[in-house]
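Participant: Requesting a structural model of the entry that follows:
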Amino acid sequence: MIQLLKYGNTNCYYIKGKNGSILVDTDWAGTLQAFYRKMKELDIEKIDYLLITHYHPDHIGIAQDIIDMGTKLLLVDVQKDYINSSDTILQKDKNIQFKPINTEPVIISCEQSREFLNDLGIDGEIIYTPGHSEDSISLILDNGSAFVGDLYDLKSAITFNDEKINNSWNKILSHNISKIYYGHHEQTISNIKKIEDTLIN
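Facilitator: From the prediction side, this is the model:
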């Protein structure tokens, strides 16, 4: 089950498997009460793991607050050096209550992700998709869903024609993706197999 859990500027996604659940991303600091209201509205009582697509301020703002609720942080090893990279930016805003991430995360590699997700009853894997940032990852489900965070959307990727971005999109699209879930754009349907195919259209 996939639910859009949007309570601010960032699209967050709740994914429930047979044995556990994952929340993909959070929003800015100061949005905790709106988060609680949205959880109640969607009848979500528990989140087992928090997976952050990249550690920018608008995706990690209330991460520690959610962790304090009993949720575990799921960290991909390629993200280890970035976990507190936005603290300085968020701490400068005196009008918000921000808690830096201070927890022992569950650290896995992309190669270990399929087995980890399978234990939650979620069929899929996590892949490394730099381009928007060096710590960007995407969650790919076997049902054709791709959660790509802030990776530039396909139309923008064509405009940039950046090798790193193109390589990340080709990795994503190689999984027979049918639906793309963005961090800030609306969900889109995809029948593209390679980003080069969009250059023809």
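Participant: Kindly check the end-to-end length of stretch 22-35 for me.
Facilitator: 15 Å (CA to CA, to the nearest Å).
Participant: Show me how far that stretch is from its chain's centre.
Facilitator: Relative to its chain's centre, stretch 22-35 lies at 12 Å (CA atoms, centre = their mean, to the nearest Å).
Participant: The chain: helices as residue ranges?
Facilitator: 32-42, 57-60, 63-68, 87-91, 110-119, 154-160, 163-173, 195-200 (DSSP state H).
Participant: any idea which of the ones you listed is most buried?
Facilitator: Stretch with highest mean neighbour count among the helices of the chain: helix 57-60 (a mean of 23; mean count of other CB atoms under 10 Å). To be clear about C-beta, it is placed using only N, CA and C from the backbone, and glycine gets the same treatment.
Participant: Which other helices and strands does that one contact?
Facilitator: Helices and strands touching helix 57-60, as assessed by 3 or more CB pairs under 8 Å, 6 or more residues apart in numbering; DSSP states H and E, are absent.
Participant: shift numbering so it begins at 18
Facilitator: Yes, from this point I'll number from 18; that puts the last item at helix 74-77.
Participant: Residues touching it, excluding its own?
Facilitator: By CB atoms under 8 Å, 6 or more residues apart in numbering, the surrounding residues in contact with helix 74-77 are 26-27, 42-46, 69-70, 103, 106-107, 118, 166-167, 200.
Participant: Against Y24, how distant is F52?
Facilitator: As judged by CB to CB, to the nearest Å, F52 and Y24 stand 5 Å apart.
Participant: Give the residues shared as contacts by these two.
Facilitator: Among the neighbours of F52, those also in contact with Y24 (CB under 8 Å, 6+ apart) are D44.
Participant: quick one: which of the contacts of helix 74-77 is most hemmed in?
Facilitator: T70 (29 neighbours; other CB atoms under 10 Å).
Participant: Centre-most residue in this structure?
Facilitator: For the chain, the residue nearest the mean C-alpha position is T70 (3.4 Å; CA atoms, centre = their mean).
Participant: ok, now how distant is the residue nearest to it when sequence neighbours are not counted from Y145?
Facilitator: Spatial nearest neighbour of T70, chain neighbours left out: G166 (2.8 Å); criterion: CB to CB, 6 or more residues apart in numbering. Here the criterion is CB to CB. By it, G166 lies 12 Å from Y145.
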